[in-house]
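# Next one to model:
(one chain, ligands or ions: 1)
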Amino acid sequence: MHHFAYKNGVLHAEDVPLPQLAAQVGTPFYCYSSATLTRHYQVFRSSFGSADVSVHYAVKANCNAAVLRTLASLGSGFDVVSGGELRLALQAGAKPSQIVFSGVGKTAEELRLAVDLGIGQVNVESESELNTLSAIAASAGRKIRIALRVNPDVDAGTHAKITTGRKEDKFGINWTLAPALYRKAKALPGLDPRAIAVHIGSQITNLKPFEDAFLRVRDLALMLRNDGIDIDHLDLGGGLGVPYDFATDPPPPPADYGAMVQRVFGNLGCHLSFEPGRLIVGNAGILVAKVVVLKVGTAKTFAVLDAGMNDLVRPAMYDAHHDIIPVREPSAGTSRTDYDVVGPVCESSDRFASNRALPVLKEGDLVAFLTAGAYGAAMSSTYNARPLIPEVLVDGGKWAVVRRRPSFEEMTALDQLPSWLG
Ligand code: LLP
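Numbering: from 1, shown residues only. Below you'll find the predicted structure:
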C-alpha cells in the first residue's frame, strides 16, 4: 500500500502532481511520501500484538535527513552501520539509547564514538571486535550492552548478493561458536552481554527461513540462560521483503511475520527489537525520469532515460525488477510496445528493464520507477560525472526538496591537483 496514484490523468505523490514537481525540480529525481513512510512504520510496529518490541529503522536503506526525521518523530529507533550513520541518527533526533550499531568491520574510532555517546547496543560480529570494544568501554569506565550477531547458517532464499546468514557469508559469528564467546564476554570488563542479534538477508519473501533462524536463536537464548548468561534482549534484524513486481506473488504481510515471531518467542520474556529498512521506505519512494531518446534498433526498441545506473543501481547489481509506469495515465486501450529501458551511462549493464511491455512512449515523456525508496538514492553515485539527483519529500499537498542537486562545482569540489600538475 502506497500513496502514489493517478488522479485527473497524472500520477500524484499524495496530493502533489508529479509533472509539477518535474517542472520545478528537473528530472531525474526521487520523491518520497510521508504518509507511506508513516503507514509502513505503524503497520510494522503494530504487527506484534502486546509483545515488548522496539523498531530500529535500518538507516542504510535511505539515509536522507528528512526521512530519518520523519521516522524519529514517530518514535523509531535506528540501526546504524558506520560512524556516519550514527551521527545521522542523532541529528534526526534519536536518543543514543535508541541506536543499535551493527556491521562487520567497525573501526576502533567508530566503537569509541558509540561508547562515548552511550548508545543502546552494539552488535558484535567477531572475537576481535569483542576484545577491542571491551578495552574501549573499560578505559572509558562504561559498560555497554552487547549482542553477538550470530550466523545461524540458514539460507534466506533471496538473491545471493543480499543473503547474509549462511556459514560461508562474512556476517556474524557461527551460532555453534557463540556460547564460548558469550562466556568470554561475560568475563571481560566493559561489556554487558544480555542480547542476541541475527539478520539473515534482505528482500526475504518466505517466512520459513526467518522461523528456522529464530528457532536457533531461541534455543541459544535458553542454552545461555542455563549457562548463567541472562539473555533478555533479542534483535531479530530486518529483511522482510516488499512487493516489487505487482504481477507476481506478494511477500508475507507484516501481520503474518509478527504472528510467527510471537509464536517462536512468545513466552521467553525477552524484549524484541527489529531492524527493518526496505519494508519501511521501499514503497514510500519513486524515481521520476524523462525519456531522452527513443531508438529503434534491429533487435530492440530502446527507451533511453535521463536516469542511469548511477542513480538506481539495483537492476544492474541484483537484476532487480522495478515496475515502470508513465506519469501521464495511459488511456484505456493504449497500445503497448516492448522496450529495453536503459540509462545514458556508458555500460551495457545500465539497463533497467528488458523487453518490458509499456504503453507507447514519446521522447520527453516522464516515467516513474516504483518501489525505489530503499537502496535507491542511498546507493547512488556520480559515475560518469553525473551529479547526485534531488530528493523531494511530499506530505499531503506540501512538498520540499530534501536534498538538492549539486552544481558541477560542488560535485567536483573535493578534487585537487597536486603541485606538480598545478
Ligand atoms: N540489519 C542488518 C544488519 C542489515 O545488514 C540490513 C541490510 C538490514 C538490517 C535491513 O534489511 P532490510 O529490512 O532493508 O531488508 N542493497 C540491497 C540490500 C542490502 C541489504 C543490506 N543489509 C538491495 O538493494 O536489495
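# Tell me the pLDDT of Lys167.
On pLDDT, Lys167 comes in at 86.
# ok so it is a strand residue?
No - counting by DSSP: H, G, I helix; E, B strand; the rest coil, one finds Lys167 to be coil, located in no strand.
# Look up the closest residue to it, ignoring the ones flanking it.
Excluding its sequence neighbours, the residue lying closest to Lys167 (Cβ to Cβ, 6 or more residues apart in numbering) is Asp153, at 4.4 Å. (Each C-beta comes from the backbone N, C-alpha and C, glycine too.)
# That neighbour against Leu177, yeah?
No - because the distance of 11.1 Å does not satisfy Cβ atoms under 8 Å, Asp153 is recorded as not touching Leu177.
# Looking at these two, which is more packed in?
Under the criterion of other Cβ atoms under 10 Å, the comparison of Asp153 against Leu177 puts Asp153 first, with 18 against 14.
# the helices in the protein, which residues?
Counting by DSSP state H, the chain has helices at residues 18-25, 34-45, 65-73, 83-92, 108-117, 127-139, 178-187, 207-226, 254-265, 278-281, 314-318, 408-411.
# Can you tell me which of these is packed in deepest?
Stretch with highest mean neighbour count among those: helix 278-281 (a mean of 30; mean count of other Cβ atoms under 10 Å).
# just checking, what packs against that helix?
With contacts taken as 3 or more Cβ pairs under 8 Å, 6 or more residues apart in numbering; DSSP states H and E, helix 278-281 sits against helix 34-45.
# The helices of the chain into CSV, with extra columns for distance to Leu236 and mean pLDDT?
Output for the helices of the chain, formatted as CSV (distance: least, Cβ to Cβ, whole Å; pLDDT from 0 to 100):
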stretch, distance to Leu236, mean pLDDT
helix 18-25, 37, 98
helix 34-45, 12, 98
helix 65-73, 18, 98
helix 83-92, 19, 98
helix 108-117, 21, 98
helix 127-139, 21, 98
helix 178-187, 16, 97
helix 207-226, 7, 97
helix 254-265, 7, 96
helix 278-281, 13, 98
helix 314-318, 23, 97
helix 408-411, 40, 98
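# check contacts around the residue nearest to Lys167.
Applying Cβ atoms under 8 Å, 6 or more residues apart in numbering, we find Asp153 in contact with Gly165, Arg166, Lys167, Asn174, Trp175.
# Check Tyr339 too.
Counting by Cβ under 8 Å, 6+ apart, Tyr339 makes contact with Lys300, Thr301, Phe302, Ala303, Ala353, Asn355, Arg356, Ala357, Leu358, Leu361.
# now the chain, which segments are flagged as low pLDDT?
For the chain, the stretches flagged by pLDDT under 70 are 249.
# 90 instead, please
The chain contains residues with pLDDT under 90 at 1, 49-51, 153-169, 171, 175, 245-250, 266, 332-333, 422.
# if we can go back for a sec, got a quick PyMOL command for the buried subset of the contacts of Tyr339?
With 16 or more other Cβ atoms under 10 Å as the criterion, this PyMOL line picks the buried residues out of the contacts of Tyr339:
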select buried, resi 301+303+353+356+358+361
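# Out of the contacts of Asp153, the closest to Asp232 would be?
Nearest to Asp232, judged by Cβ to Cβ, of these is Trp175 at 18.7 Å.
# hmm, back to that, which ones among the contacts of Tyr339 map onto strands?
Thr301, Phe302, Ala303, Ala353, Asn355, Arg356, Ala357, Leu358 (DSSP state E).
# ok, those vs Ala289, which is closest?
Ala303 (9.8 Å).
# dump the residue contacts of the residue nearest to Leu272 when sequence neighbours are not counted.
Leaving aside its chain neighbours, Leu272 sits nearest to Val53 (4.7 Å; criterion: Cβ to Cβ, 6+ apart). Counting by Cβ under 8 Å, 6+ apart, Val53 makes contact with Arg45, His271, Leu272, Ser273, Phe274.
# Just send these back as TSV, with distance to Leu421 too.
Output for these, formatted as TSV (distance: Cβ to Cβ, whole Å):
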residue	distance to Leu421
Arg45	55
His271	58
Leu272	57
Ser273	52
Phe274	51
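# Mind checking which of those residues are buried?
Arg45, Leu272, Ser273, Phe274.
# near the ligand, which of those show up?
With Cβ under 6 Å from any ligand atom as the criterion, those include none near the ligand.
# so which of those residues comes closest to the ligand?
Using Cβ to the nearest ligand atom, Phe274 is the member of the buried ones among the contacts of Val53 that lies nearest the ligand, at 8.5 Å.
# Distance check, that closest one against Val59.
Phe274 sits 14 Å away from Val59, going by Cβ to Cβ, to the nearest Å.
# Next: Ala13.
Counting by Cβ to Cβ, the gap from Ala13 to Val59 is 23 Å.
# Same question for Gly83.
In this structure, Gly83 and Val59 are 12 Å apart, going by Cβ to Cβ.
# Please apply the same query to Pro250.
Distance from Pro250 to Val59, by Cβ to Cβ: 26 Å.
# The closest residue to Gly239 other than its chain neighbours: what's it in contact with?
Closest residue to Gly239 apart from its sequence neighbours, by Cβ to Cβ, 6+ apart: Ile204 at 4.7 Å. Ile204 is in contact with Ala156, Gly157, Thr158, Phe210, Gly239, Leu240, Gly241, Pro251, counting by Cβ under 8 Å, 6+ apart.
# The ligand next: which of the residues you listed are close?
Restricting the contacts of Ile204 to those touching the ligand (Cβ under 6 Å from any ligand atom) yields Gly239.
# picking that back up, between Pro250 and Val59, who's got more neighbours?
Neighbours around Pro250 and Val59, counted as other Cβ under 10 Å, are more numerous at Val59. The numbers are 27 against 11.
# contacting residues around the more buried one?
Leu68, Phe78, Asp79, Val80, Val81, Glu85, Leu88, Ala89, Gly277.
# now those as CSV including distance to Phe214?
Conversion of the contacts of Val59 to CSV gives the following (distance: Cβ to Cβ, whole Å):
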residue, distance to Phe214
Leu68, 28
Phe78, 22
Asp79, 18
Val80, 23
Val81, 22
Glu85, 26
Leu88, 29
Ala89, 26
Gly277, 19
